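Colleague: pasting a predicted model and its sequence here:
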Amino acid sequence: MTFLVLACALPQYSNWWPFFMVAFYLLAPFPIVISRRYGDGTGNTNPCREIALFITAILVVSAFGLPIILARAPQATPVIMWGSAGLVITANIIVFLTILGFFFAFDNDDVDYSMW
């Protein structure tokens, strides 16, 4: 989140358009969480899980594509600067790897929580 705030608040960038990435960060885990709730829980592939993975992949790719599109906007001045787009892409990498790590760490349902 620090890189995302820096992409918005640094004086040479000073544009709050990159902060819309927070919507992608909030929406990305929901399809997987919903598919786990309504799936059969065996870990096998089923249509619900496959659709959830597809929607999550769309959200992640869109989160990486939006800053590039905003930096290449065909105007006299781009919507965001390339440095800001680089900071947003760095923030995307860190946030999505954190979400992935969370799902790997808490994937097992039969974990004994008393060991924490």
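Modeller: Arrived safely.

Colleague: what distance do you get for the closest residue to Phe3 other than its chain neighbours to Val61?
Modeller: When the adjacent residues along the chain are set aside, Phe3 lies closest to Ala91, with 3.8 Å between them (C-beta to C-beta, 6 or more residues apart in numbering). Where C-beta positions appear, they are placed from N, C-alpha and C, glycine not excepted. Distance of Ala91 to Val61, computed by C-beta to C-beta, to the nearest Å: 16 Å.

Colleague: so for these two, which sits in the more crowded spot?
Modeller: Between Ala91 and Val61, Ala91 has the larger neighbour count (other C-beta atoms under 10 Å), namely 23 against 10.

Colleague: so that one touches Phe19, yeah?
Modeller: No. Ala91 is not in contact with Phe19 according to C-beta atoms under 8 Å; the separation is 10.3 Å.

Colleague: can you pull the residues that touch both of those two?
Modeller: Shared contacts of Ala91 and Phe19, defined by C-beta atoms under 8 Å, 6 or more residues apart in numbering, are found at Leu4.

Colleague: who's in contact with the residue nearest the centre of the chain?
Modeller: With distances taken as C-alpha atoms, centre = their mean, the residue of the chain nearest its centroid is Tyr25 (4.1 Å). Listed by C-beta under 8 Å, 6+ apart, the contact partners of Tyr25 are Ala63, Val95, Ile99.

Colleague: can you work out which other helices and strands pack against the strand or helix carrying the last one?
Modeller: What it means is Ile99. Using DSSP states H and E, Ile99 sits within helix 82-105. Using 3 or more C-beta pairs under 8 Å, 6 or more residues apart in numbering; DSSP states H and E as the contact test, the elements touching helix 82-105 are helix 2-9, helix 21-27, helix 47-71.

Colleague: lowest average pLDDT across those helices?
Modeller: Mean pLDDT is lowest for helix 2-9 out of the helices and strands packed on helix 82-105, coming in at a mean of 85.

Colleague: taking helix 82-105 as reference, get the angle to it.
Modeller: Counting by axes from the mean of the first three to the mean of the last three C-alpha atoms, to 10 degrees, helix 2-9 lies at 150 degrees to helix 82-105.
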